[in-house]
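In: my questions concern the predicted model and sequence given below.
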Amino acid sequence: MNEMNPRVSIGMPVYNGESYLRESLTSIFAQSFDDFELIISDNASTDSSETICREYAASDRRIRYYRNNTNIGAGPNHNRVFELARGEYFKWAAYDDMCAPDFLEKAVAALDSDSGRVLCYARAVIVDKHGNKIRDYNEDLNLPFRTPHDRFRHYHDAFSRDFGRCNPIYGLIKASVLKKTPLIASYTASDMILLGELALHGEFYEIPEPLFFRRYHEKGSGPSSEWRNDKYASWFDPKNKGKIFFPRWRWFFEYLRAVNRVKMGFGEKLLCYREMGKWLLRYYKGMAYDLIASLIVFFRLSDDPYKLQRLFRRRFPKKTRKWWVPE
């Protein structure tokens, strides 16, 4: 391994991960591909995470451990580990997830074999807090299409069928392409927007084997599906606390900015903008809902603006409320 220029950089943002951190670190150092570095950024943990990280760092020189003085939020902490990376390829790793021993080897081979690929991810298995399998999970984001608008269309089609967990964000990514993006921004579901922008840059390759193990538990490294948008946004960045949010409006304009940023032909840009027109037709009712929820907050009509969402969930079947009430 070249310590100054490893092929792969793995970035692990950590906050109070003592329960699963050892298992995740063991998974990383069990990889058959060993030309990597691990950058850990501890977001001011108050448990024994620091002790565990320093213990591993003392035993393997591939680890670089950093600790923030205060909790800077999940978004900025995810970005910090990338900014410290030196590898040709980059992978985010959650402190509670795991990968099969041959994941890196197969992902590196997949990206090396085709210069048009910018991201490689594996099919996932959802596991519980004990590591027991709950179910298989396929994000269906294999995007082997050569043109940006084709990838963009299939990307949005996949999310329209299943909002997803953005598992491919934990795949292996070309660092040179990731540098061209805003990374993980400080708003709700910015990882989803980042995946959309990466799809504009190049192809996604799915390893057709379950090599990624995503852990679901009450204190997960990501936000719970039961969190309200305001709490979700504060998880991304504490500076968002107390602000009013229009999630779908933000996503729409961020997708437009992504299309504008990525270098492609004029005709391709027009086709990508057309896809955003289709996006509006899919989600306009959800955008209206965002406005209603935000007005409830602004005029202090309720301490819980998401009561309306729960009411619709109870009164209408899923097929009826599709695109109106966010899941």
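Out: Arrived safely.
In: show me where the stretch 151-300 of the chain has its helices.
Out: Secondary structure of the stretch 151-300 of the chain (DSSP state H, counting those that start in this stretch): helices at 175-178, 190-201, 229-236, 247-261, 266-298.
In: these: lowest mean pLDDT?
Out: When the helices of the stretch 151-300 of the chain are compared on mean pLDDT, helix 229-236 scores lowest, with a mean of 58.
In: how about the helix or strand hosting Phe82: buried residues?
Out: For Phe82, the element it lies in under DSSP states H and E is helix 74-83. Applying a neighbour-count criterion of 16 or more other CB atoms under 10 Å, one finds Ala74, Gly75, Pro76, Asn77, His78, Asn79, Arg80, Val81, Phe82 buried in helix 74-83. In short, each C-beta sits where N, CA and C put it, glycine included.
In: chain center to that helix: distance?
Out: 12 Å (CA atoms, centre = their mean, to the nearest Å).
In: remind me what the lengthiest strand in the chain packs against, helices and strands.
Out: Assignment by DSSP state E gives strand 203-215 as the longest strand of the chain. On a contact count with 3 or more CB pairs under 8 Å, 6 or more residues apart in numbering; DSSP states H and E, strand 203-215 meets strand 98-99, helix 103-112, strand 117-127.
In: average model confidence for the second one?
Out: Per-residue pLDDT over helix 103-112 has a mean of 98.
In: now do it: everything it contacts.
Out: Contacts to helix 103-112, defined as CB atoms under 8 Å, 6 or more residues apart in numbering, come from residues 7-8, 31-33, 36, 89, 91, 117, 120-122, 171-172, 174, 205, 207, 209, 211-212.
In: now the buried members of these.
Out: By neighbour count, with 16+ other CB under 10 Å, the contacts of helix 103-112 hold 7-8, 31, 33, 36, 89, 91, 117, 120-122, 171-172, 174, 205, 207, 211-212 as buried.
In: residue ranges of each domain in the chain, please.
Out: 8-215, 244-321 (automatic domain parsing).
In: first vs last residue of the longest one, how far apart are they?
Out: Distances were taken as CA to CA, to the nearest Å; on that basis the terminal residues of domain 8-215 are 23 Å apart.
In: now the phi/psi pair for the residue nearest to Tyr170 when sequence neighbours are not counted, please.
Out: Excluding its sequence neighbours, the residue lying closest to Tyr170 (CB to CB, 6 or more residues apart in numbering) is Trp92, at 5.5 Å. With angles defined as degrees, to the nearest 10, Trp92 sits at phi -80, psi 140.
In: again with Ile39
Out: With angles defined as degrees, to the nearest 10, Ile39 sits at phi -110, psi 120.
In: show me what counts as buried in stretch 7-27.
Out: By 16+ other CB under 10 Å, the buried positions in stretch 7-27 come out as 7-21, 24-25, 27.
In: out of those, list just those in strands.
Out: Those of those lying in strands (DSSP E): Val8, Ser9, Ile10, Gly11, Met12, Pro13, Val14.
In: and the two most separated of those?
Out: Val8 and Val14 (18.9 Å; CB to CB).
In: coming back round to it: deepest-packed of the domains of the chain, please.
Out: Ranked by mean neighbour count, the domains of the chain are led by domain 8-215 with a mean of 19 (mean count of other CB atoms under 10 Å).
In: next one: that domain to chain centre, how far?
Out: Counting by CA atoms, centre = their mean, domain 8-215 comes out at 8 Å from the chain centroid.
In: if we can go back for a sec, so the residue nearest to Tyr170 touches His78, yeah?
Out: Yes. The pair formed by Trp92 and His78 meets the contact definition of CB atoms under 8 Å, at 6.2 Å.
In: touching both of the two, which residues are there?
Out: Gly11, Pro13.
In: rewinding a little: lowest average pLDDT across the domains of the chain?
Out: Lowest mean pLDDT within these: domain 244-321, a mean of 78.
In: looks to me like Asp114 is in a strand.
Out: No. Asp114 is assigned coil when assessed by DSSP: H, G, I helix; E, B strand; the rest coil, not a strand.
In: which ones are touching it?
Out: Glu203, Tyr205.
In: repeat that for 6 Å
Out: Contacts for Asp114 (CB atoms under 6 Å, 6 or more residues apart in numbering) come out as none.
In: got the end-to-end distance for stretch 176-183?
Out: End-to-end distance (CA to CA), stretch 176-183: 12 Å.
In: what about the residue lying closest to Ile72 once chain neighbours are set aside, distance to Gly267?
Out: Leaving aside its chain neighbours, Ile72 sits nearest to Asn43 (6.4 Å; criterion: CB to CB, 6+ apart). Computed as CB to CB, to the nearest Å, the Asn43 to Gly267 distance reads 44 Å.
In: for Tyr187, same thing?
Out: Distance from Tyr187 to Gly267, by CB to CB: 30 Å.
In: from Lys180, how far off is Thr147?
Out: Counting by CB to CB - Thr147 and Lys180 are separated by 18 Å.
In: ok, and the closest non-adjacent residue to Tyr155?
Out: Nearest non-adjacent residue to Tyr155, counting by CB to CB, 6+ apart: Ala199, 4.5 Å away.
In: sounds good, over and out.
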